[in-house]
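**Student:** generate a structure from the sequence data that follows.
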Amino acid sequence: MFRNLNRMASSIKSAGCLIIGDEVLNGKILDTNSFEFAKYCFKELSIPVKKTVVCGDDADDIIRSLKVLTDENCDFIVTSGGIGSTHDDITYEALASAFHVPCKLDEETVNRMQKLRGPFLSSLGESELKAFYRMATIPQPSETTKVSKLFIDESLWVPIVGINERIFVLPGVPQLFKRLLIGLGESVKPRCASQSYTRYFVKTKKFESNIAPFLGDIQKRCDDTHGKRIKIGSYPHFGWGVVTVSIIGDRSVPKQDLRKVVDEIVNTVNGEEITAEEEDHLTVDDPSPNDK
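**Tutor:** Numbering: from 1, shown residues only. Sure, this is the predicted structure:
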């Protein structure tokens, strides 16, 4: 069933993200971690995210969802969520089951907990302490499964648990996820086969329906000329009353060819070229965001 699960990737060419949590599926919280992951992979690692999967707090669902990402041959897979102290935090247990390894209390993590949270831990009752230690109960290595721990900061006791140097377990709390992702990214960056994308943005006040025929035509021409190494997409920002067009080319596309595409789009849609920072502002700070 999991023919690709134990494959170790020495070189990282693509990524995948597994968001775990009933609270995401039932709309209680808004997932921002997959957004941060995709942005980090594109901007800092220069690798594409092939797929993002969201699943519930269910062991079978977690394992099935992980299989989707491994079957896509993602070399760098990050999970988010399900490593807290409550009964429904079962990510470690599910991964241990998937790889047929035990889950045990990790003494190094416990020692860091004691060092950083000693007074709090001493205030807990036996059952409460046991619940807290669920967060230090992690998969163990075997002859076929490599398990690693990465502590990125002396002020944090939370480890990044890695399995076969391919799957990495991160917390779901957005601030902590982002902080650990940056530390993890620095550790895997030497393994990344970066594709050095170049990305441009054009802003226009025309509606998507107005520019759709033209964008479809220019995408086809790019495909015919450059073999699908240029990708064009459009994104409405309803609160701002504008649409942005994204033009991405990999490093094999001559810069002058990509500039011709950008200039043609600017002229045809009566637009203006904007920076990536301006595009981020339009996306993140949209005063009235809606689905596309």
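**Student:** ok so residue 286 is a strand residue?
**Tutor:** No - assigned with DSSP: H, G, I helix; E, B strand; the rest coil, residue 286 falls outside any strand and is coil.
**Student:** count the neighbours of it for me.
**Tutor:** 15 (other CB atoms under 10 Å). Backbone N, C-alpha and C define where each C-beta goes, glycine included.
**Student:** what residue ranges in the protein score low on pLDDT?
**Tutor:** Filtered on pLDDT under 70, the chain yields the residue ranges 1-9, 288-292.
**Student:** spatially central residue in it, please.
**Tutor:** For the chain, the residue nearest the mean C-alpha position is residue 37 (3.0 Å; CA atoms, centre = their mean).
**Student:** tell me the secondary structure at it.
**Tutor:** Relying on three-state DSSP, one would call residue 37 helix.
**Student:** same thing with residue 104?
**Tutor:** strand.
**Student:** next, the residue nearest to the residue nearest to the centre of the chain when sequence neighbours are not counted: phi, psi?
**Tutor:** With CB to CB, 6 or more residues apart in numbering as the criterion, residue 37 has its nearest non-adjacent residue at 4.8 Å, and that residue is residue 17. For residue 17, the backbone dihedrals (degrees, to the nearest 10) come out as phi -130, psi 130.
**Student:** what's the spacing between residue 17 and residue 212?
**Tutor:** Using CB to CB, to the nearest Å, we find residue 17 at a distance of 29 Å from residue 212.
**Student:** next: residue 12.
**Tutor:** 35 Å.
**Student:** so those two - more neighbours on which side?
**Tutor:** Taking other CB under 10 Å, residue 12 and residue 212 do not tie; residue 12 has more neighbours (21 against 12).
**Student:** list the buried residues of the host helix or strand of residue 186.
**Tutor:** In this structure, residue 186 sits in helix 174-188 according to DSSP states H and E. Applying a neighbour-count criterion of 16 or more other CB atoms under 10 Å, the buried positions in helix 174-188 are 174, 177, 178, 179, 180, 181, 184, 185, 188.
**Student:** list the helices and strands the helix or strand just after that helix packs on?
**Tutor:** Counting by DSSP H and E, the next helix or strand C-terminal to helix 174-188 is strand 198-204. For strand 198-204, the packing partners by 3 or more CB pairs under 8 Å, 6 or more residues apart in numbering; DSSP states H and E come out as strand 242-249, helix 255-268, strand 272-274, helix 276-284.
**Student:** just the C-alpha atoms of the first one, please, in PDB.
**Tutor:** Taking C-alpha atoms only, strand 242-249 is exported to PDB below (Å, rounded to 0.1, in the frame of the first residue of the first chain):
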ATOM      1  CA  VAL A 242      -8.400  44.900  -9.100                       C
ATOM      2  CA  VAL A 243      -7.100  41.700 -10.700                       C
ATOM      3  CA  THR A 244      -3.400  40.700 -10.600                       C
ATOM      4  CA  VAL A 245      -1.800  38.500 -13.200                       C
ATOM      5  CA  SER A 246       1.100  36.300 -12.200                       C
ATOM      6  CA  ILE A 247       3.800  35.400 -14.800                       C
ATOM      7  CA  ILE A 248       6.200  32.700 -13.600                       C
ATOM      8  CA  GLY A 249       9.100  31.300 -15.600                       C
END
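**Student:** sounds good, over and out.
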